[in-house]
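**Student:** quick one, what's the 3D model for this:
(one chain, ligands or ions: 2)
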Amino acid sequence: MNNDPVQFCGLSRIEEAARLIRAGEPVAFPTETVYGLGADATHPKAVAKIFAIKGRPAFDPLIVHAASEAQAVSLWTECPEPARLLMENFWPGPLTLVLPKAAGVPDLVTAGLPSVGVRIPNHPVALDLIRRSGVPIAAPSANRFGGISPTTAQAVAQELGEKVKLILDAGPTRVGVESTVVTFQAGTPVVLRPGGVPIEAIERIVGKVRMHNASDDPRLSPGMLTRHYAPATSLYVLRQASVNRWSSAIQIPSGKIGLLSYAPVKVPPGVSAIEILSSTGNLVESAAGFFQALRRLDAAGLDALVGFPVPLKGLGRALADRLERASAGQARLESGKLVLQSAS
Ligand code: TXA
Ligand code: MG
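**Tutor:** Ligands and ions are numbered 1, 2, ... in the order given. Prediction:
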């Protein structure tokens, strides 16, 4: 008997996972974005186990994963034209649509909200699991609440350990950041969370979208907490104004400092670790490696991390959002010295 919860997913493993889902037990599975912790979305007791395993507060709604458009649409009471267009263009894929929920969707899934977020993931294992389970699968990212999202099965095991009975392993996820979450207000698309589908791609299909921001109704996106995706090591985001003055002559504060950048940067003496997400500054490549790099830096026994800001275009918006939420404060240059400042 192999008791390791991480199992490379041959068909028999997927069938075993589907059996667990049907029996009301959560399992971890790969999607194209991050690994999810899934349970039968129609079964409140199964869904409650997700919240317990993650330590997730009940006000944070879950995304429901469907294997077909018919299954997805059955979870809503309406589907406006712009939503149809987005489904046609981006499903299966990293786009979650939030619309008024059908009566059969338990309140626990939506944290009591009248709407439910649904997506069809673009991953053969996820799709096979949903089909074999015969039910839609509610799944948040498979990390402890507030922690770094897992993009490998090993990261899931690190995050959740023995609390989860089975982790289907299909290697590192391709996209690396979570889905873009979109809702509709008076027919206008509103982006609640930037993610794997760039805003520019969405706007090419449905025209100008609105970005949800903090001054909007907080009930619209209760899960968008300011601090999230946080490493245990304090991360400071370098101010844009300091980026232009960055050089290899900068004085680094005492202690072990790690750098995280989407593109190559000059490395001053005294830096203990560095993660360059893409040698060409490619934002798709950067997104794919982001959470793993953050996890490696967090495990390296450093005193502080400094993240370079990311351009706000394409997948850069999702990366900038995750970086900001992971951060404990800002870093800036003052007379050639790097200064780390915790947010008050
Ligand atoms: O790519 C993804 O979306 C991954 C994979 C596993 O599919 N899932 C994921 O789930 O990122 P999670 O729980 O980490 O993020 C779900 C977020 C919530 O925190 C909230 O911001 C938004 O999606 N959301 C879900 N349902 C919503 C609703 N009814 N209204 C507003 N926002 C909602
Ligand atoms: Mg999450």
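**Student:** Pro172: neighbour count?
**Tutor:** When neighbours are counted by other CB atoms under 10 Å, Pro172 registers 16. All C-beta atoms are positioned from the backbone trio N, CA, C, and that covers glycine.
**Student:** next up, the contacts around the closest residue to it other than its chain neighbours.
**Tutor:** Spatial nearest neighbour of Pro172, excluding adjacent residues (CB to CB, 6 or more residues apart in numbering): Thr152 at 5.2 Å. By CB atoms under 8 Å, 6 or more residues apart in numbering, the contact list for Thr152 reads Tyr35, Asp169, Gly171, Pro172, Thr173, Gln292.
**Student:** what about the last one, which SS state?
**Tutor:** Three states are possible here, and by DSSP: H, G, I helix; E, B strand; the rest coil the one that applies to Gln292 is helix.
**Student:** is it true that it touches Thr151?
**Tutor:** Yes: contact between Gln292 and Thr151 holds when scored by CB atoms under 8 Å: they sit 5.6 Å apart.
**Student:** which residues are common contacts for the two?
**Tutor:** Overlap between the contact sets of Gln292 and Thr151, as judged by CB under 8 Å, 6+ apart, is given by Pro172, Gly176.
**Student:** just the buried ones among the contacts of Thr152, please.
**Tutor:** Tyr35, Asp169, Pro172, Thr173, Gln292 (16 or more other CB atoms under 10 Å).
**Student:** select, from those residues, the two members most distant in space.
**Tutor:** Pairwise distances across these (CB to CB) peak at 14.7 Å, for the pair Asp169 and Gln292.
**Student:** can you show me the strands along the stretch 151-300 of the chain?
**Tutor:** 167-169, 180-185, 188-193, 210-211, 235-238, 257-261, 271-276 (DSSP state E, counting those that start in this stretch).
**Student:** so which of the ones you listed is nearest Pro30?
**Tutor:** strand 167-169 (6.2 Å).
**Student:** how distant is the closest one from the center of its chain?
**Tutor:** Relative to its chain's centre, strand 167-169 lies at 18 Å (CA atoms, centre = their mean, to the nearest Å).
**Student:** that one near ligand 1 anywhere?
**Tutor:** No: for strand 167-169, no contact with ligand 1 is found by CB under 6 Å from any ligand atom; the gap never falls below 12.5 Å.
**Student:** what helices and strands are in contact with that strand?
**Tutor:** If you count contacts as 3 or more CB pairs under 8 Å, 6 or more residues apart in numbering; DSSP states H and E, strand 167-169 packs onto strand 6-8, helix 11-22, strand 27-29, helix 153-160.
**Student:** who touches the third one?
**Tutor:** Looking back up the chat, that one is strand 27-29. Under CB under 8 Å, 6+ apart, the answer for strand 27-29 is 9, 17, 20-21, 35-39, 125-126, 129, 139, 142, 153, 156, 160, 164-168.
**Student:** please apply the same query to the last one.
**Tutor:** Residues lying outside helix 153-160 but in contact with it, judged by CB under 8 Å, 6+ apart, are 5-6, 28, 30, 35, 37, 53-54, 142-144, 147-148, 150, 164, 167-171, 291-292, 295.
**Student:** tell me if that helix is near ligand 1.
**Tutor:** No: judged by CB under 6 Å from any ligand atom, helix 153-160 stays clear of ligand 1, getting no closer than 10.8 Å.
**Student:** out of the contacts of strand 27-29, which are buried?
**Tutor:** For these, buried by 16+ other CB under 10 Å: 9, 17, 20-21, 35-39, 125-126, 129, 139, 142, 153, 156, 160, 164, 166-168.
**Student:** still on that earlier bit, the helices and strands packed on strand 167-169: lowest mean pLDDT?
**Tutor:** Sorting these by mean pLDDT places strand 6-8 lowest, at a mean of 63.
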